[in-house]
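S.K.: Quick one: sequence plus predicted model below, questions after.
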Amino acid sequence: MLYFEIKKFLGSKSLNNKRFILFLENLFEKSIYNFTKEDLEKLKKYIEKYIDLFKSKPPDYPIEYLTKKTYFFGYKFFINENVLIPRRETENLVEEAIKVFQKNFHAFKKLNVLDLCCGSGCIGISFYNYIKNKIKYKGNIKLFFSDISLKALKITKLNLKFHKMDAFLTLQDKLKAFKSCKFHLILSNPPYIETNSPFISKEVKYEPQIALFASLDFLKTLSKEVFYRLKENGVYIFECAPYQIRSLKSFLNSLYKKVEIYFDYNQLPRGFICYK
């Protein structure tokens, strides 16, 4: 089998390990079991380049940053060290947004949607792709992306081009640039890890700190700013940490007409759906 031929070849390069195979699968966008002879020849041609890149990073360095790409909600996205690596639990946010759209906005002819603290743009792009291509929404969507990081917005722009989408990109802190614009739907995976949290994972140490860490007060302030940028009956959906749910819920209830908690794939409370 070609699989064993590849394993033997990697072994000859002292790289017969699972991590490098994962790297190859991400790079070639297929399982090593499905590699062709053409893939093997390409691998042999560029192996020294790949080995040098692989060996130049620490053993726990994210493979997604090595290959500069990942998958989210079934779609391909380009990433680098300036944006977070999209997490599976954030796909739940997109799922909830689709449910809200179908229930509240499907009949609308025009829709303003903002991906706030957008990073790679994976949330807004995935939502748009799904409702346009799967649900076949015929209305006009004005899609907005905003982030405090110019480097992150450059990745968003790259992903928009790859997915052949047009959108408005805004460099801003929170929502200061949107004083004259209101939205039907605002989606966000904001920075929410508190610096003193005992739940900080080691895997985040290579990711941009500005996209990870924030205080509970930041989330409350952001939620209040979002409230004033929503249209009447607009909806704000955002992700947070499970341990922040109780502290945020009473504050959100005092601000929004209706507040719901949504859960991730592990049945942990993962964020809020807030109705103005």
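M.R.: Sure thing, it's come through.
S.K.: now the strands for the stretch 51-200 of the chain?
M.R.: Secondary structure of the stretch 51-200 of the chain (DSSP state E, counting those that start in this stretch): strands at 69-72, 75-78, 110-116, 140-147, 168-171, 183-188.
S.K.: residue boundaries of the helices in the chain?
M.R.: 2-12, 18-28, 37-55, 63-67, 91-100, 122-133, 150-162, 216-229, 245-253 (DSSP state H).
S.K.: packing partners for the shortest one?
M.R.: The elements that helix 63-67 packs onto, with contact taken as 3 or more Cβ pairs under 8 Å, 6 or more residues apart in numbering; DSSP states H and E, are helix 18-28. Just so you know, the C-beta spots here come from the backbone N, C-alpha and C atoms, and that holds for glycine as well.
S.K.: next one: the longest one
M.R.: Counting by 3+ Cβ pairs under 8 Å, 6+ apart, the packing neighbours recorded for helix 37-55 are helix 2-12, helix 18-28.
S.K.: okay, the ones you listed, which one's buried deepest?
M.R.: Greatest average neighbour count among the helices and strands packed on helix 37-55 goes to helix 18-28 (a mean of 16), per mean count of other Cβ atoms under 10 Å.
S.K.: Could you figure out how far the lengthiest strand in the chain is turned away from strand 183-188?
M.R.: Identified as the longest strand of the chain according to DSSP state E is strand 230-239. Counting by axes from the mean of the first three to the mean of the last three Cα atoms, to 10 degrees, strand 230-239 points 20 degrees away from the direction of strand 183-188.
S.K.: Can you list the neighbours in contact with strand 230-239?
M.R.: Strand 230-239 is contacted from outside by 89-90, 93, 96-97, 100, 104, 112, 116, 182-190, 192, 219, 222-223, 226-227, 256, 262, 270-276, using Cβ atoms under 8 Å, 6 or more residues apart in numbering.
S.K.: filter the residues you listed to the buried ones?
M.R.: 89-90, 93, 96-97, 100, 112, 116, 182-190, 192, 219, 222-223, 226-227, 256, 262, 270-274, 276 (16 or more other Cβ atoms under 10 Å).
S.K.: hmm, back to that, quick one, which of the helices and strands packed on helix 37-55 is nearest to Tyr50?
M.R.: When the helices and strands packed on helix 37-55 are compared by Cβ to Cβ, helix 18-28 sits nearest Tyr50, at 7.3 Å.
S.K.: The closest one vs helix 37-55, what angle?
M.R.: Per the same axes, to 10 degrees, the angle that helix 18-28 makes with helix 37-55 is 120 degrees.
S.K.: State the mean pLDDT of stretch 133-151.
M.R.: Averaging pLDDT along stretch 133-151 gives 97.
S.K.: Can you list the buried residues in it?
M.R.: 137, 141, 143-147, 149.
S.K.: Now do the end-to-end distance for stretch 54-68.
M.R.: Start and end residues of stretch 54-68 are separated by 13 Å (Cα to Cα, to the nearest Å).
S.K.: ok now that stretch, how far from the chain's centre?
M.R.: Distance, stretch centre to chain centre, for stretch 54-68: 19 Å (Cα atoms, centre = their mean, to the nearest Å).
S.K.: Can you point out the buried residues in it?
M.R.: Buried-residue list, stretch 54-68, by 16+ other Cβ under 10 Å: 54, 62-67.
S.K.: what is the rounded mean pLDDT of it?
M.R.: The average of the pLDDT scores along stretch 54-68 is 89.
S.K.: can you check stretch 90-104 too?
M.R.: 98.
S.K.: Stretch 208-227 too?
M.R.: For stretch 208-227, the mean confidence score works out to 96.
S.K.: what distance separates the start and the end of that stretch?
M.R.: 27 Å.
S.K.: So which bits of that stretch are buried?
M.R.: 208, 211-214, 219, 222-223, 226-227.
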